[in-house]
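> Have a look at this prediction, sequence included:
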Amino acid sequence: MQTTKEVGNKGENLAKEYLIKKGYNIRDCNWRFGHFEIDIVAENNDYIIFFEIKTRSSTTTVKTPEEFVSKQQQLNIIRAANAYMDKKKCTKEARFDIITIIHTAYKTDIQHIEFAFSPRW
């Protein structure tokens, strides 16, 4: 049985592979601002994209992986993203996506939810 951390690390690696195949440029992984963390920061021609990766090793949970990204977690990601944009002097528009991965012994399902959430000004 894998630990939660091992499942999460596997999911982040699968997400990176997926994004590279889709033509995204990976800028940073596990970028931290204080105690906030952004799983993956990538870019395409139009956006800097901040990804939250949610991985499950079972389909028995009632919630879908994206339902585990709480409003508070979204706010924390947005705060960290703002710091990232300032520190790295990014000029592209920011986007917030979620990648959900359900990885079992039999198959791996990856879902990319673009524009999953946004800052509420």
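Structure received. Numbers count the residues shown, from 1 in each chain.

> Identify the residue spatially nearest to Q74, adjacent ones excluded.
Among residues not flanking Q74 along the chain, F117 sits closest, at 4.8 Å (CB to CB, 6 or more residues apart in numbering). C-beta here means a position set from N, CA and C on the backbone, and glycine is covered the same way.

> mind pulling up the phi and psi values for the one you found?
phi -160, psi 170 (degrees, to the nearest 10).

> residues touching it, list them.
For F117, the contacting residues are V69, Q74, I78, F96, I98, by CB atoms under 8 Å, 6 or more residues apart in numbering.

> Can you name the two of those that sit furthest apart?
Farthest pair in those (CB to CB) is I78 and I98. Separation: 13.2 Å.

> more crowded one of these two?
Each of I78 and I98 has its neighbours counted (other CB atoms under 10 Å); I98 has more, 23 against 19.

> Surely the more buried one touches I110?
No - taking contacts as CB atoms under 8 Å, I98 lies outside contact range of I110: 11.2 Å.

> for the chain, what helix or strand is lowest in average pLDDT?
Using mean pLDDT, DSSP states H and E, helix 4-21 stands out as the lowest-scoring helix or strand of the chain, at a mean of 88.

> Run a quick neighbour tally on the closest residue to E93 other than its chain neighbours.
Closest residue to E93 apart from its sequence neighbours, by CB to CB, 6+ apart: Y47 at 5.5 Å. Y47 is flanked by 18 other residues according to other CB under 10 Å.
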